[in-house]
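S.K.: here's a sequence, model it:
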Amino acid sequence: MRYLFEDYTLHAERRELHRGADAVSITPQVFDLLDYLIRNRERVVSKDDLIGAVWNGRIVSDAALTTRLNAARSAIGDSGEEQRLIKTVPRRGFRFVGQVREAQGVSYADVDEPTANAALALHDGPSIAVLPFQNMSDDPDQDYFADGVVDKIITALSRFRDTLFVIARNSSFTYKGKLIDIKQIGRELGVRYVLEGSVRKAAGKVRIIGQLIDATNGMHLWADRFEGELSDIFALQDRLTERVVAAIQPRVLKAEIDRAMRRPNSLTAYDLCRRALPHLYSWTREGSAEASQLLSRALEIDPHYCLAATLAGSRHLIAVSQGWATDPKTEITEGVRLLRQALSIDGDDDAALSMLGWATAAFFGDYDPAREMVDRAVALNPNSAIAWDQRGWTYQRAGQSEEAIKSFERANRLSPIDPMLFARFTGTSVALIGLGRFDEALATAKKALGERQTAQAYRCLAAALAHLGRDAEARNAATQVLEMEPCFQISEWVARSGHWRSQMFIEGLRKAGLPE
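M.R.: Numbers count the residues shown, from 1 in each chain. Here you go, the predicted structure:
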């Protein structure tokens with residue numbers, strides 16, 4: 001079994017740890033400790049558990065245990081101060097909190113029903129995943145530039161809404177830095193074609209190399225090289241995208257590619273947006289603040305850059321929904337303004353349209369126009385996992401739980417190993433609670449927690465358990481909510497997170513003992 005997290009791979013049988021293609025030096029005891037924490041990541045591991053598993057129950061001093069833990073953290077780029085991957089839980093023990101993917105598919109927390117096999121059925125029509133391109137520049141900090149090239153290609157390909165099924169960016173990027181067989185990727189994502197390549201940026205010039213592979217048999221269909229001045233980067237992206245589509249489809253809809261590229265007027269604004277994305281995906285208060293600064297600078301440079309306006313508007317609204325905003329009313333107003341600005345630049349921007357639809361439902365309770373917006377967004381781009389995500393949340397807010405679940409399921413098919421899976425599982429759990437399907441809601445909440453520990457996922461867990469009459473477990477889940485959000489109150493949470501029609505969900509929180 002192999003366990004993949006961030007850019008690391010732990011080979012359990014071979015007893016090896018790799019970062020990308022490079023082996024990481026690690027002592028046997030430290031390997032055993034890390035292996036045990038990862039295998040038991042669904043729970044807090046006590047000191048006695050570790051001593052029993054790693055030292056076979058021998059007497060071990062606290063100093064020796066601390067030394068091994070620090071060595072394990074150091075091996076995977078973590079530290080006792082940061083605790084990004086290995087967290088110390090005071091008076092209880094330790095827990096591996098990083099997002100882990102097993103080699104055979106996504107690994108979830110313990111659930112009450114079997115998880116799906118990671119091998120997905122091949123999509124009926126032409127289907128493709130665009131893998132992260134290798135950064136061949138001397139500067140490793142230029143990774144963001146290579147990632148931006150791939151993002152643009154994915155966006156352009158996604159516009160072929162009636163003829164091409166495109167895996168979303170978040171799932172494609174989970175393979176970054178990993179040596180994985182193309183045929184395995186095809187099986188895991190359920191696609192026929194895989195595009196991979198490299199980008200070299202130096203001295204004002206850029207070279208992009210791309211190759212298209214049939215993932216069902218590993219055969220290379222074509223490969224090509226595109227070179228030019230850095231100022232021509234968008235034209236190079238166009239040419240590469242045209243070649244990809246021409247290899248799959250008999251006709252190339254050039255107008256769709258041109259529109260999908262949504263070129264900025266400045267490469268600097270483009271760079272700033274690329275740098276902001278990882279901070280947005282971190283889903284933290286600190287990441288939100290950093291993204292805000294980068295996106296504000298991008299808009300100062302190019303006020304008519306649609307992507308910058310969409311990302312900035314979304315950031316404001318997410319900050320409000322997560323309780324990070326100091327002035328929610330102002331943030332909502334600014335978020336809506338920026339999304340409308342994006343739509344004034346490109347009225348067919350599915351990301352801006354779907355986010356505005358969700359905000360209209362969540363913060364204003366105006367459900368009819370909200371549904372119209374998200375429905376139009378997925379019609380514009382049926383390959384957009386983001387649009388389907390927001391459609392799910394919008395329909396959930398509108399009290400149409402069945403339709404919400406269908407939307408989340410569609411997003412999961414488009415992006416089956418997405419770092420944001422935790423949010424979709426959470427939304428699905430909320431919708432299932434609204435339908436009174438508490439056993440399914442409980443299993444889905446556990447899946448969400450297996451992806452990422454969030455207060456909202458624990459709220460789902462608490463509500464589902466309370467409705468099932470599992471009072472002691474519900475109270476334990478409520479305790480986890482309060483540990484993460486000590487000042488949590490149901491009324492305050494409803495006020496800041498927007499309009500909720502799922503009274504069943506709120507009633508579950510009350511039954512679990514969370515403060516009113």
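S.K.: how about the host helix or strand of residue 449: buried residues?
M.R.: Secondary structure from DSSP states H and E places residue 449 in helix 438-451. Buried residues in helix 438-451, counted by 16 or more other C-beta atoms under 10 Å: 438, 440-451. Bear in mind the C-beta positions are built from the backbone N, C-alpha and C, glycine included.
S.K.: now swap in stretch 390-399 and tell me
M.R.: Neighbour-count burial for stretch 390-399, counted by 16+ other C-beta under 10 Å, picks out 390, 391, 392, 393, 394, 395, 396, 397, 398.
S.K.: how far does that stretch sit from the chain's center?
M.R.: Stretch 390-399 sits 19 Å away from the centroid of its parent chain (C-alpha atoms, centre = their mean, to the nearest Å).
S.K.: averaged over its residues, what pLDDT does it have?
M.R.: Taken as a whole, stretch 390-399 has an average pLDDT of 93.
S.K.: export it to PDB, keeping only CA atoms.
M.R.: Extracted in PDB, the C-alpha atoms of stretch 390-399 (Å, rounded to 0.1, in the frame of the first residue of the first chain):
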ATOM      1  CA  GLN A 390     -22.200  26.100  -6.000                       C
ATOM      2  CA  ARG A 391     -25.400  24.800  -7.600                       C
ATOM      3  CA  GLY A 392     -25.400  22.100  -4.900                       C
ATOM      4  CA  TRP A 393     -25.100  24.700  -2.100                       C
ATOM      5  CA  THR A 394     -27.600  27.000  -3.700                       C
ATOM      6  CA  TYR A 395     -30.300  24.300  -4.100                       C
ATOM      7  CA  GLN A 396     -29.500  23.100  -0.500                       C
ATOM      8  CA  ARG A 397     -30.200  26.600   0.800                       C
ATOM      9  CA  ALA A 398     -33.400  26.700  -1.300                       C
ATOM     10  CA  GLY A 399     -34.600  23.600   0.500                       C
END
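S.K.: so how many other residues sit close to the residue lying closest to residue 164 once chain neighbours are set aside?
M.R.: Nearest residue to residue 164, sequence neighbours excluded (C-beta to C-beta, 6 or more residues apart in numbering): residue 126, at 5.2 Å. By other C-beta atoms under 10 Å, 17 other residues sit near residue 126.
S.K.: what of residue 90?
M.R.: Neighbour count for residue 90, taken as other C-beta under 10 Å: 5.
S.K.: which residues of this structure score low on pLDDT?
M.R.: Within the chain, the stretches with pLDDT under 70 are 20-22, 57, 103-119, 123-125, 141, 160-163, 237, 240-267, 497-501.
S.K.: show me the domain layout of it.
M.R.: The chain breaks down by automatic domain parsing into domains covering 2-98, 127-262, 419-516.
S.K.: how about those domains, which one is nearest residue 377?
M.R.: Proximity to residue 377 (C-beta to C-beta) singles out domain 127-262 among the domains of the chain, at 11.5 Å.
S.K.: please state the offset of the closest one from the chain centre?
M.R.: Counting by C-alpha atoms, centre = their mean, domain 127-262 is centred 19 Å from the centre of its parent chain.
S.K.: how about stretch 90-107?
M.R.: Relative to its chain's centre, stretch 90-107 lies at 16 Å (C-alpha atoms, centre = their mean).
S.K.: picking up where we left off before, can I get the domains of the chain in a markdown table with distance to residue 302?
M.R.: Below are the domains of the chain laid out as a markdown table (distance: least, C-beta to C-beta, whole Å):
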| stretch | distance to residue 302 |
| --- | --- |
| domain 2-98 | 32 |
| domain 127-262 | 11 |
| domain 419-516 | 27 |
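S.K.: and those domains: which comes nearest residue 352?
M.R.: Closest approach to residue 352 among those is made by domain 127-262 (10.6 Å; C-beta to C-beta).
S.K.: follow-up on the earlier one: redo the buried residues of stretch 390-399 as a markdown table? Include secondary structure.
M.R.: Shown next, in a markdown table, are those (DSSP: H, G, I helix; E, B strand; the rest coil):
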| residue | secondary structure |
| --- | --- |
| 390 | helix |
| 391 | helix |
| 392 | helix |
| 393 | helix |
| 394 | helix |
| 395 | helix |
| 396 | helix |
| 397 | helix |
| 398 | coil |
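S.K.: where's the residue nearest to residue 120 when sequence neighbours are not counted relative to residue 414, distance?
M.R.: Nearest in space to residue 120, with sequence neighbours left out and distances taken as C-beta to C-beta, 6+ apart, is residue 190 at 3.0 Å. Residue 190 sits 10 Å away from residue 414, going by C-beta to C-beta, to the nearest Å.
S.K.: give me the more crowded residue out of these two.
M.R.: Each of residue 190 and residue 414 has its neighbours counted (other C-beta under 10 Å); residue 414 has more, 24 against 19.
S.K.: that one against residue 381, yeah?
M.R.: No - using C-beta atoms under 8 Å, residue 414 makes no contact with residue 381, being 10.3 Å away.
S.K.: picking that back up, how about a markdown table for the buried residues of stretch 390-399, with distance to residue 430 added?
M.R.: Shown next, in a markdown table, are those (distance: C-beta to C-beta, whole Å):
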| residue | distance to residue 430 |
| --- | --- |
| 390 | 14 |
| 391 | 14 |
| 392 | 10 |
| 393 | 9 |
| 394 | 13 |
| 395 | 11 |
| 396 | 6 |
| 397 | 10 |
| 398 | 13 |
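S.K.: where do the strands sit along the stretch 151-300 of the chain?
M.R.: Along the stretch 151-300 of the chain, the segments classed as strands by DSSP state E, counting those that start in this stretch run 165-166, 193-202, 205-214, 219-229.
S.K.: measure how the last one sits relative to strand 205-214, angle-wise.
M.R.: The one in question is strand 219-229. Following axes from the mean of the first three to the mean of the last three C-alpha atoms, to 10 degrees, one obtains 170 degrees for the angle between strand 219-229 and strand 205-214.
S.K.: restrict strand 219-229 to CA atoms and write it as CSV.
M.R.: Written as CSV, here are the backbone C-alpha positions of strand 219-229 (Å, rounded to 0.1, in the frame of the first residue of the first chain):
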residue,chain,number,x,y,z
MET,A,219,0.1,4.9,-26.5
HIS,A,220,1.3,8.4,-27.4
LEU,A,221,-1.0,10.0,-29.9
TRP,A,222,1.1,13.1,-30.6
ALA,A,223,3.7,15.4,-29.0
ASP,A,224,4.7,18.9,-30.0
ARG,A,225,6.8,21.9,-28.9
PHE,A,226,5.7,25.5,-28.8
GLU,A,227,8.3,28.3,-28.4
GLY,A,228,8.0,32.1,-28.3
GLU,A,229,8.4,35.3,-26.5
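S.K.: residue contacts, residue 220?
M.R.: Going by C-beta atoms under 8 Å, 6 or more residues apart in numbering, residue 220 touches 211, 212, 213, 214.
S.K.: oops, could you answer that again for residue 189 instead?
M.R.: Contacts of residue 189 by C-beta under 8 Å, 6+ apart are 120, 129, 167, 171, 172, 416, 417.
S.K.: try 6 Å
M.R.: Residue 189 makes contacts with 129, 167, as judged by C-beta atoms under 6 Å, 6 or more residues apart in numbering.
S.K.: still on that earlier bit, out of the domains of the chain, deepest packed?
M.R.: Using mean count of other C-beta atoms under 10 Å, the stretch among the domains of the chain with the greatest mean number of neighbours is domain 419-516 (a mean of 20).
S.K.: and the contacts of residue 220, which is closest to residue 61?
M.R.: Minimum distance to residue 61 across the contacts of residue 220 is 53.1 Å, recorded for residue 213 (C-beta to C-beta).
S.K.: for the helix or strand where residue 329 lies, which helices and strands make contact with it?
M.R.: Residue 329 belongs to helix 328-345 when assigned by DSSP H and E. Other elements packing on helix 328-345 under the criterion 3 or more C-beta pairs under 6 Å, 6 or more residues apart in numbering; DSSP states H and E are helix 306-321, helix 350-364.
S.K.: and the angle for the longest one with helix 350-364?
M.R.: It refers to helix 306-321. Going by the same axes, to 10 degrees, helix 306-321 makes 30 degrees with helix 350-364.
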